[in-house]
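A.B. asks: The following comprises the amino acid sequence and a computationally predicted model.
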Amino acid sequence: MKIHYDCEFIEDGRTIDLISIGMVAEDGREYYAVSRSAGMAGGWKARIGENAWLMENVVPSLPVKVQRVPTRGGGIWNYVTWDENHPDHQHLKARDLIANEVREFILATPGPELWAWYAAYDHVALCQLWGPMISLPEGVPMWTNDLKQEVVRLGNPGLPPMPGVAEHNALSDAREVAWRHQWLAGRTDAPQ
């Protein structure tokens, strides 16, 4: 059974730190979590505030408050804190809890197949929940199928947009990956 998922993360060319993960199984189950403890050694909330792309694209869907503080040099520093009143605040979880819940979600799926859109970094972010690859729990797939690669294999058909997608929200993006996969499976002109 397919599990479509998406991760939002901080990456700097050497590390990939999970911010959030969304998963959608073919049987209708869903999972969403935001890592309260991601990259704490590097002060991940400060790292997010310093990353213009994350501030523009990912932060709007996170349960955070952003204060824009002027700097001495005339710039703006983004001070990111948890928002206890945000509707998604209940999804804030410690990394070890996310690892346990994700493992249980995957293992509750018969014959799990992992699928993501441009899957390489998502797979690393997922696997690092448990540490090095050798620590991957038994039953968790050692690879993620790449739906973008499948689209190219099928002749790169133009995918229609999924209505209601909150882009760069991990759960919404996982739902879109599932929707795209279903759309591709329903094409009558798809090569075999």
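C.D. replies: Sure, I can see it.
A.B. asks: Show me the strands in the protein, by range?
C.D. replies: Taking DSSP state E as the test, the strands found in the chain are 2-11, 16-25, 30-35, 64-70, 76-82, 92-93, 113-116, 145-146.
A.B. asks: Nearest approach to Gly131 belongs to which of those?
C.D. replies: strand 16-25 (12.7 Å; Cβ to Cβ). Bear in mind the C-beta positions are built from the backbone N, C-alpha and C, glycine included.
A.B. asks: other SSEs contacting the closest one?
C.D. replies: When contacts are defined as 3 or more Cβ pairs under 8 Å, 6 or more residues apart in numbering; DSSP states H and E, strand 16-25 sits against strand 2-11, strand 30-35, helix 44-49, helix 95-107, helix 119-127, helix 170-186.
A.B. asks: helices and strands of the chain: which one bottoms out on pLDDT?
C.D. replies: helix 44-49 (a mean of 68; mean pLDDT, DSSP states H and E).
A.B. asks: Least reliable of the strands of the chain by average pLDDT, please.
C.D. replies: Comparing mean pLDDT over the strands of the chain, the weakest stretch is strand 76-82, at a mean of 76.
A.B. asks: mind listing what it pairs with, with the direction of each?
C.D. replies: Sheet pairing here is set by DSSP bridges, and for strand 76-82 it gives strand 64-70 (antiparallel).
A.B. asks: circling back to that earlier point, export the strands of the chain to TSV and tack on distance to Met133 and mean neighbour count?
C.D. replies: Formatted as TSV, these follow (distance: least, Cβ to Cβ, whole Å; neighbours: other Cβ atoms under 10 Å):
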stretch	distance to Met133	mean neighbour count
strand 2-11	16	24
strand 16-25	13	24
strand 30-35	19	21
strand 64-70	31	13
strand 76-82	31	15
strand 92-93	23	20
strand 113-116	14	21
strand 145-146	17	18
